[in-house]
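Participant: no FASTA, just this:
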């Protein structure tokens, strides 16, 4: 044949027909024509040398086509090579290059959701609904979304009490709420100075104690000393201990009123401390009669020593005097008996179930017929005869009889069995008078002190300083919260 594609010219193209014409006999020794396998074996022997006798010939793997193998999808396993039954003859064929992996087809995007709107105040938006069927998105099948775990309902702490107010009533007091002037000081008697504020607290047994004494608005403005005194003391240890809270108020017009109040607290504290074991035993055994008589004697002795101190200083007993109010708290958590005793006016209140109760004990009333030296004689005899006519002429004092002592304040005593959640408040007249005269102050303290937990020292001090117009005296109070 001609490379230019012309017609054959004769015998020069006979070699093509002689080689590939079916009519031409094979040149091999076998009369039968050779097969494709025979020709392949012949070509392999020519390239790699003669194959050993008796072993099958391993055909060579041809190189991949230029076009490359079709791309493999991700979920199809990789192709495995042909298994051979024995060792191959000749050189190992080169490893075919692995086609580059194509990234898996992207999953179709889910339809866009409308923008979420914020739920109204006070409502909680429900969680998104989980798909009900495992729909396949291309090569990725999403797992069924688990519903969110239910939120455990945890008891939230109760809201805190309202902040303490500066004053209650229709209008604020005239005086400045903060200290203005300091009291005058003597260089030779600096130990006689009294601080503007005293604050204390403790927790024993089933009760929590808060105590405070604050100079009144009038004394702060005029630069006068605080006339109230406060004493908190613990006698004994463990469950046999006894806690004493004593507050005293000196006479308003006396220059030494603060010293008299402080001495009254010290004397009663020393007397109770020496007898604390017997007192704690009587409280635990509920021996009310023994308690009343014993505390009455201790109070009379303490105030008697105060009158003796006035005589030593050359002062009138009426000027160097003080009212005294005390509270005994046993440290035994099983004993909830609270004992109050004292002499003079003041206040004793109890907050129970959100309502205040005024439990100030009354003075002892005289009973029975008048006797000599006590009471007044009757106006007439049992038969109806009048004894004499009262002309209103005073009887002159006898030089042989001592001058009569001024009338003393009656002794006050009360025992109270506390309940869980109660609040017992003992205070002087500086706080008792506004509590009885201004209902708004009672309501405010009820809101502040009705919480399960007692207030801290700073909060209690702020509560005792809530002012009321028309009441500017010193304020001293002790409150007990029952667990």
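Facilitator: Sure thing, it's come through. Keep in mind that what you see is a predicted model, and the values were worked out from it rather than measured.

Participant: Check which residues of the longest helix along the chain are buried.
Facilitator: Determined from DSSP state H, the single longest helix within the chain is helix 288-312. Neighbour-count burial for helix 288-312 flags 291-292, 294-295, 298-299, 302-303, 305-307, 309-310 (criterion: 16 or more other Cβ atoms under 10 Å). All C-beta atoms are positioned from the backbone trio N, CA, C, and that covers glycine.

Participant: Stretch 466-480 now?
Facilitator: 466-469, 471-480.

Participant: any chance you could map the helices in this structure?
Facilitator: Using DSSP H, helices in the chain cover 14-20, 36-48, 217-222, 257-274, 276-284, 288-312, 429-437, 439-449, 457-464.

Participant: Indicate which one of those helices is closest to residue 420.
Facilitator: Taking Cβ to Cβ, helix 439-449 is the member of the helices of the chain nearest to residue 420, at 14.6 Å.

Participant: Residue 422 - nearest residue in space that isn't next to it in sequence?
Facilitator: Once flanking residues are discounted, residue 422 sits nearest to residue 482: 4.6 Å by Cβ to Cβ, 6 or more residues apart in numbering.

Participant: Report the beta-bridge partner residues of the one you found.
Facilitator: residue 207 (DSSP bridges).

Participant: and it, how many residues sit next to it?
Facilitator: Neighbours of residue 482 under the rule other Cβ atoms under 10 Å: 18.

Participant: swap in residue 174?
Facilitator: For residue 174, using other Cβ under 10 Å, the count is 11.

Participant: Would you agree it is in contact with residue 469?
Facilitator: Yes - judged on Cβ atoms under 8 Å, residue 174 makes contact with residue 469 at a distance of 7.4 Å.

Participant: what's near enough to touch the residue nearest to residue 422?
Facilitator: Contacts for residue 482 (Cβ atoms under 8 Å, 6 or more residues apart in numbering) come out as 206, 207, 336, 418, 419, 420, 421, 422, 423, 424.

Participant: distance of residue 443 from residue 282?
Facilitator: As judged by Cβ to Cβ, to the nearest Å, residue 443 and residue 282 stand 37 Å apart.

Participant: who has more neighbours, the two?
Facilitator: Ranked by neighbour count (other Cβ under 10 Å), residue 443 and residue 282 place residue 282 first, with 21 against 13.

Participant: show me the contacts for that one.
Facilitator: Counting by Cβ under 8 Å, 6+ apart, residue 282 has contacts 290, 291, 294.

Participant: from these, which single one is nearest residue 211?
Facilitator: Nearest to residue 211, judged by Cβ to Cβ, of the contacts of residue 282 is residue 291 at 22.1 Å.

Participant: what separates the residue nearest to that closest one when sequence neighbours are not counted from residue 333, distance-wise?
Facilitator: Excluding the flanking residues, the one nearest residue 291 by Cβ to Cβ, 6+ apart is residue 282, at 4.9 Å. Noted for residue 282: a distance of 18 Å to residue 333, by Cβ to Cβ.

Participant: now residue 260
Facilitator: Distance check for residue 260 against residue 333: by Cβ to Cβ, it reads 37 Å.
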